[in-house]
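**Student:** Return atomic coordinates for the entry below.
(2 chains)
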Amino acid sequence: MRIFNTLTHQIEPFKPVHPGTVNMYVCGPTVYNYIHIGNARPVIFFDVVRRTFEYLGYTVNFVSNFTDVDDKIITRAKELETDEITLTQRFIKAFLDDAERLGSSTKYMAPKATEYMQPIIHYIEQLIEKGHAYEVEGDVYFDVKKSDDYGLLSNRQIDEQELGARIAINDKKRHPLDFTLWKKTEEGLKFDSPWGQGRPGWHTECAAMIDDIFGEKIDIHGGGVDLVFPHHENEIAQAHALHHHHLANIWMHNGHLQINDGKMSKSEGDVILVKDLTVDPMGFRLLTLGTYYRAPLMFNDEALNTYTNEWERIKRTYSQAFYALDLMEMLDGEAKNYPEIETFHDQFIEAMTDDFNTANALSHLYGLVKLLNQKLREDNAYDILLAAFNNLKIMFSILGLRVPLKRLSKADRNMYHAWKDARRNRDFERADQLREKLTERGILH
RNA sequence: GGUCCCGUAGCCAAGUGGCUAAGGCAGCGGACUGCAACUCCGCCAUCGUCGGUUCGAAUCCGAUCGGGACCUCCA
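**Tutor:** Prediction:
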């Protein structure tokens, strides 16, 4: 497995901290609204990362947080005339529903900031003790100047940034880039701390959670490119101050989805929500996987249609093979080995282990689909059909693509054979009726 | 002002020093078919522009044009 590491700016071989295990953390959503299709990219991509490692035999400890205390949440709660707890519960559920719809597993550890207050406060205390943070009137800030390698991840020099250009410089801070660890709060949810009532800064949340859950440097930390600076830079600074390591060996970042030639952002109202997608979510998932994860993903209606149609095509083949094999009662049979099918499989895995090159992997999936279609046209190719079908199933499981299919009932089988008979007898009226019924049942396409 | 990414056929998109530039969509030409759908076979690009390095470049370097991201919450 080779992975591009933002920290070193190059592709490196993956070496787990503990053989056979992958400890990974992905920055989760701030739950104040429904997620949009840009937010869906990491939800899909990192799920595929996890599935790939699992296929390769690793045990993956996947953690992704919910930020449920934040200014935006307070604002939104006021807008909707509700309280923050109700609001965040609602959007956590909405997030999980969307993730599920997109085919991403929701079975992972999902810590909430509000439930991690003690570890977070403890983390901040340690930073103060070590001289890397300071308190000013109930706020606590991280002292950026105390970190030698601040800017390592995002490749920035502290003093070359255009500071205060668009945001007022907070004169309580010793340096404008110092970031808030603890914020004194008048309104909204607040928690007791040694510095008075307040709430934690966003950047500490993830670092403290990783510290508490894993207790050591993890293998992979992921998120969108926009998090590189300052969020991930700040996480690294804190981990380095406390434990002299960079929190994760590999930092992975997915590129943005672009719509209408630009970034889709929540602040510009130019958004499409996942819950509002009218196409099959698997079509959207396929679209996401059609572009290398680090490249920008160009989204438009034509692309969405193309991939949705493509998904229909793949699904049809998969389903036809499933029913062809079920009719022969071969689905549970042992598949033989065919070198040409092994090749598709091996090339697929090769692409996936080459920094998760899903675009290339898909081309091998298409090759296998074509082979299935060829075999479906033949009368007696069931052995190779089974082998190909089983391999396609593996590819589906790695990419998180799913087609819900039910085995044929006795009535289904009879109807199918009746259709075949009617056609053979040139009773086209009856054949068409049966075809329609079989199509309704999803057995024919 | 600093950091960085991208520009490959009508569209989406791999490839990042070397056989005839993956794959998909659309298009075109065939085949299959009771009809239709599906499917299959075949065709379809010299890589933004200019210059350089090299035996050899889409791939490296320089310039130039165009697009985009980050430096502020953001996936």
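
**Student:** the helices in the stretch 101-250 of chain A, which residues?
**Tutor:** Assigned by DSSP state H, counting those that start in this stretch, the helices in the stretch 101-250 of chain A fall at A:117-129, A:202-213, A:233-243.

**Student:** mind listing what the residue in chain A that RNA strand B sits nearest to touches?
**Tutor:** RNA strand B sits closest to A:Gly224 of chain A, with a gap of 1.6 Å, by C-beta to the nearest atom of the strand. C-beta: built from backbone N, CA, C; applies to glycine. Contact analysis of A:Gly224 by C-beta atoms under 8 Å, 6 or more residues apart in numbering lists A:Cys27, A:Arg41, A:Pro42, A:His253, A:Asn254, A:His256.

**Student:** my guess is the fifth one meets A:Tyr292, correct?
**Tutor:** This means A:Asn254. No - between A:Asn254 and A:Tyr292 there is no contact under C-beta atoms under 8 Å: 9.8 Å.

**Student:** who has more neighbours, the two?
**Tutor:** A:Asn254 (28 against 17; other C-beta atoms under 10 Å).

**Student:** Give the residue spans of the stretch 251-400 of chain A that score low on pLDDT.
**Tutor:** Applying pLDDT under 70 to the stretch 251-400 of chain A picks out residues A:260-270.

**Student:** what ranges do the helices span in it?
**Tutor:** Using DSSP H, counting those that start in this stretch, helices in the stretch 251-400 of chain A cover A:281-289, A:301-327, A:339-352, A:358-377, A:382-399.

**Student:** Make a markdown table from the ones you listed and add distance to A:Gly198 and mean neighbour count to it.
**Tutor:** What follows is the helices of the stretch 251-400 of chain A, written out as a markdown table (distance: least, C-beta to C-beta, whole Å; neighbours: other C-beta atoms under 10 Å):
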| stretch | distance to A:Gly198 | mean neighbour count |
| --- | --- | --- |
| helix A:281-289 | 38 | 24 |
| helix A:301-327 | 44 | 18 |
| helix A:339-352 | 45 | 17 |
| helix A:358-377 | 43 | 18 |
| helix A:382-399 | 44 | 20 |
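
**Student:** Can you convert the ones you listed into TSV and add a column each for distance to RNA strand B?
**Tutor:** Shown next, in TSV, are the helices of the stretch 251-400 of chain A (distance: least, C-beta to the nearest atom of the strand, whole Å):
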stretch	distance to RNA strand B
helix A:281-289	7
helix A:301-327	4
helix A:339-352	8
helix A:358-377	3
helix A:382-399	12
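
**Student:** out of those, which comes closest to A:His244?
**Tutor:** Closest of the helices of the stretch 251-400 of chain A to A:His244 is helix A:339-352, at 33.7 Å (criterion: C-beta to C-beta).

**Student:** Compute the inter-axis angle for the closest one and helix A:358-377.
**Tutor:** Using axes from the mean of the first three to the mean of the last three C-alpha atoms, to 10 degrees, the inter-axis angle of helix A:339-352 relative to helix A:358-377 is 160 degrees.
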